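Asks: Curious how this folds, go ahead:
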Amino acid sequence: MRRILRLISAWLITVFALTLAIFLLSALYTVYRFDSNVEFPVECAVVFGSAVHNGQYPGPGIKRRVETAVHLAKEGRVEKLIFTGGLGKGNDLSEARVMRNEALRLGADPEIIKTEEGATSTWQSVKFVQPFVKNCKSVVAVSDRYHLARISLLAKKQNLDWYVHPADKVTSLIFELQMVAREAVGNLFYMFLVSE
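Replies: Numbers count the residues shown, from 1 in each chain. Okay, the predicted model is just below:
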C-alpha cells in the first residue's frame with residue numbers, strides 16, 4: 001500500500017511540476033513578445049478592444065490602445081485604422097464604436113477609420129477583421145503589450161503575417177503581472193485546444 005501511495009505521490013508531483021513548467025514557459029513567451037516587431041510605415045493598423053465603462057465610455061485599455069493608434073496615424077506611420085470589438089453585456093456601444101469615438105475625440109481623420117463590431121474574443125477579432133485588411137499590403141496589430149503574444153499566435157494559426165506594436169503607455173506592475181498570468185493560460189488554450 002505504501003508503495004502505491006509513493007507512486008501516486010510521485011506521479012502527482014511530476015504532473016504538477018510539468019504543468020508549472022509549461023505555464024512558466026508560456027508566461028515567458030508572453031513577456032518575450034512585449035516589444036514591437038514592425039518597421040513603419042504600415043498600411044493598416046488593427047486595434048484590439050478592451051473594457052467599456054458605464055455602457056459607452058472608454059476604459060483605460062481602450063484609451064491606451066487608441067491613443068497609440070491615433071498617434072501612429074497622425075505621424076503617417078499607418079494609413080488606416082480598423083477598430084475591432086463587439087458589444088459586451090450591459091453595454092450600449094460596442095468596443096469598436098467606443099474606440100472610434102475616442103479616436104475622433106483625439107483628432108483622427110474619420111475617413112481612415114473602419115469598425116468591426118461582431119467579435120467577442122481575440123480569436124474572433126483576428127478572424128472577423130480579415131475582410132477589412134485583405135487588400136492591405138501590411139498589417140500591424142495594436143494592443144497592450146501583454147496581449148501581443150496571443151495576437152501573434154492567433155494570427156499565425158489563421159495563416160496571417162501580421163506585425164504587432166504595443167500601446168505607448170503601460171499599466172501598473174501588479175495589473176500587468178495578473179494579465180501576463182491570464183495570457184499565459186490563454187496562449188496555452190489556443191495553442192493546444194483551439195484549431196478553428
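Asks: Can you check which helix is longest in this protein?
Replies: In the chain, assigned by DSSP state H, the helix with the most residues is helix 2-32.
Asks: From the contact counts, what lies against that helix?
Replies: helix 148-157, helix 173-192 (3 or more Cβ pairs under 8 Å, 6 or more residues apart in numbering; DSSP states H and E). C-beta here means a position set from N, CA and C on the backbone, and glycine is covered the same way.
Asks: Which of these sits closest to residue 56?
Replies: helix 173-192 (23.0 Å; Cβ to Cβ).
Asks: Enumerate the positions of the closest one that are buried.
Replies: 176, 179, 180, 183, 184, 186, 187, 188, 190 (16 or more other Cβ atoms under 10 Å).
Asks: Format those as JSON lines; extra columns: distance to residue 36 and pLDDT.
Replies: Below are the buried residues of helix 173-192 laid out as JSON lines (distance: Cβ to Cβ, whole Å; pLDDT from 0 to 100):
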{"residue": "176", "distance to residue 36": "17", "pLDDT": "92"}
{"residue": "179", "distance to residue 36": "18", "pLDDT": "95"}
{"residue": "180", "distance to residue 36": "18", "pLDDT": "95"}
{"residue": "183", "distance to residue 36": "17", "pLDDT": "95"}
{"residue": "184", "distance to residue 36": "21", "pLDDT": "94"}
{"residue": "186", "distance to residue 36": "21", "pLDDT": "90"}
{"residue": "187", "distance to residue 36": "19", "pLDDT": "91"}
{"residue": "188", "distance to residue 36": "24", "pLDDT": "90"}
{"residue": "190", "distance to residue 36": "22", "pLDDT": "86"}
